[in-house]
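# Here you go, sequence then predicted model.
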Amino acid sequence: QVQLVESGGGLVQAGGSLRLSCQASGMRFRDNAIGWYRQAPGKQRDMVAAISSRGTTTYADSVKGRFTISRDNAKNTVYLQMNSLSPEDTAVYYCNGGGTYWGGRYYSSGGSWGQGTQVTVSS
């Protein structure tokens, strides 16, 4: 049974930084792509960043240059380093594991979701 657990969310002032973690179990972690998504109240869940099994990355335009996704296969963990945060980044952040990374994009269908971690950025 695949399980993904996010952590690292919290309250931060605009301009600050947070690092989210997504730890996976029940899957061959090194063989799987992982994606980070976020969902603000009343909005759809959108992809923020994703990393392939080989370490190739892709980002939403809104976070390019501010967010960095990375993986540590020894720890079965993917990280999302978020810098220069703004109130527009406020959302619940979810990771998805086991989807498809293809053509520079990540597709979450077929993957498993974590429970999410709240990120709140105050102005």
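It's in.
# Helix, strand, or coil at the closest residue to residue 62 other than its chain neighbours?
Spatial nearest neighbour of residue 62, excluding adjacent residues (C-beta to C-beta, 6 or more residues apart in numbering): residue 88 at 7.7 Å. Any C-beta I mention is one placed from the backbone N, CA and C, and that applies to glycine too. The local conformation at residue 88, judged by DSSP: H, G, I helix; E, B strand; the rest coil, is helix.
# For residue 88, the count of nearby residues, please.
A count of nearby residues for residue 88, using other C-beta atoms under 10 Å, gives 11.
# try the one 3 residues further on
Other residues near residue 91 number 22, with proximity taken as other C-beta under 10 Å.
# quick one: contacts for it?
Residues near residue 91 by C-beta atoms under 8 Å, 6 or more residues apart in numbering: 38-40, 43, 119.
# give me that answer again for 10 Å
Neighbour list for residue 91: 9, 37-41, 43, 45-46, 48, 116-121 [criterion: C-beta atoms under 10 Å, 6 or more residues apart in numbering].
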